[in-house]
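>>> kindly return the folded structure for what I paste below:
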Amino acid sequence: MEYLIAVTLFAISTSITPGPNNIMVMTSALNFGIKKTLPLLSGICVGFSLMLLVVGLGFGQVFNWFPDLHLVIKCAGVTYLLYLAWLIARSGGATMESQAQTPLTFINGALFQWVNAKAWVVATGAIAAFTSIGEGYYGQNMTIALIFLIAAFPCVGIWLLCGSVLQRVLKQQKSRVYFNYFMAALLVLSVIPVMFEVYTQLGDKGL
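Prediction:
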């Protein structure tokens with residue numbers, strides 16, 4: 001029981017805190033509404049749980065064999081996050097009825113986890129902290145993934161509801177434009193530590 005409580009608390013604390021996933025969900029809810037954002041939210045929650053399973057099954061070991069692969073994923077993640085920040089910044093005029101722009105999909109949310117630096121940190125940290133080598137390893141891995149799946153929906157859902165509330169509050173287009181600029185800036189700020197890390201690693205390699 002203590003094990004389940006510890007994993008649950010870890011899942012809640014890492015899922016509900018600000019990060020690229022939650023920023024995207026809240027911004028999407030503001031611009032497109034709850035219904036059109038549910039696929040993105042579901043993709044994030046399911047995608048991260050699947051990522052936990054794959055990492056637990058040994059994919060994380062691949063980084064020990066091919067250390068440059070981690071750097072490639074970081075570079076791809078930074079590039080994609082900056083692209084998402086640009087999309088958020090220019091979505092200020094979107095409304096639920098807008099046909100010019102569409103929200104991110106289930107697949108977008110699921111695949112994004114593989115280039116999300118925070119997702120990698122949480123996934124590897126969870127596997128390292130809450131599994132032990134032995135007969136029960138795979139059972140523990142599945143338990144962690146299931147707990148994260150259950151915890152993620154309400155935790156990320158809070159950000160969905162916040163976006164929906166803001167949709168009612170920020171009725172003027174100019175207000176939404178400013179809000180989206182602000183959220184885009186937050187997303188960029190969340191990438192800066194990873195950018196410095198990538199810059200340092202590239203420098204160490206003489207690139």
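
>>> from the rest of the structure, what touches the host helix or strand of residue 127?
Using DSSP states H and E, the secondary-structure element containing residue 127 is helix 117-130. Helix 117-130 has contacts (C-beta atoms under 8 Å, 6 or more residues apart in numbering) with 3, 6-7, 10-11, 14, 19-21, 48, 51-52, 55-56, 60, 73-74, 77-78, 113, 140-141, 144, 148, 190-191, 194. Every residue, glycine included, has its C-beta placed from N, CA and C.

>>> which members of those residues occur in helices, if any?
Counted as lying in helices by DSSP state H, out of the contacts of helix 117-130, are 3, 6-7, 10-11, 14, 20-21, 48, 51-52, 55-56, 73-74, 77-78, 140-141, 144, 148, 190-191, 194.

>>> residue 140 contacts residue 53, doesn't it?
No. The criterion here is C-beta atoms under 8 Å, and residue 140 misses it with residue 53 at 11.5 Å.

>>> can you pull out the low-pLDDT segments for the chain?
The chain contains residues with pLDDT under 70 at 59-64, 67, 70, 91-101, 133-135, 171-172, 190, 194, 205-207.

>>> cutoff 90 now
1-7, 9-10, 13-14, 16-20, 23-24, 27-28, 30-33, 54-104, 111-141, 162-207 (pLDDT under 90).

>>> before we move on, back to that, now do the buried residues in the helix holding residue 127.
Using 16 or more other C-beta atoms under 10 Å as the burial criterion, the residues of helix 117-130 that qualify are 117-120, 122-124, 126-127, 130.

>>> can you tell me the closest non-neighbouring residue to residue 184?
Computed as C-beta to C-beta, 6 or more residues apart in numbering, the closest residue to residue 184 that is not its neighbour in sequence is residue 89, at 3.9 Å.

>>> could I get the contacting residues of residue 42?
106, 109.

>>> hang on, the earlier thing: how about JSON lines for the buried residues of helix 117-130, with distance to residue 34 added?
Output for these, formatted as JSON lines (distance: C-beta to C-beta, whole Å):
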{"residue": "117", "distance to residue 34": "27"}
{"residue": "118", "distance to residue 34": "24"}
{"residue": "119", "distance to residue 34": "23"}
{"residue": "120", "distance to residue 34": "28"}
{"residue": "122", "distance to residue 34": "25"}
{"residue": "123", "distance to residue 34": "27"}
{"residue": "124", "distance to residue 34": "32"}
{"residue": "126", "distance to residue 34": "28"}
{"residue": "127", "distance to residue 34": "32"}
{"residue": "130", "distance to residue 34": "32"}
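
>>> among those, which one lies nearest to residue 65?
Residue 65 has its nearest neighbour among the buried residues of helix 117-130 in residue 124, at 15.2 Å by C-beta to C-beta.

>>> tell me, how many residues neighbour residue 113?
24 (other C-beta atoms under 10 Å).

>>> for it, what are its contacts?
Applying C-beta under 8 Å, 6+ apart, we find residue 113 in contact with 21, 44, 47-48, 51, 119.

>>> so how far is residue 73 from it?
Going from residue 113 to residue 73 by C-beta to C-beta, to the nearest Å gives 11 Å.

>>> wait, the residue nearest to residue 184 touches residue 187, no?
No. With contact defined as C-beta under 8 Å, residue 89 does not reach residue 187; the gap is 9.1 Å.

>>> those two: which has the busier surroundings?
It is residue 187, of residue 89 and residue 187, that has more neighbours when counted by other C-beta under 10 Å, with 22 against 18.
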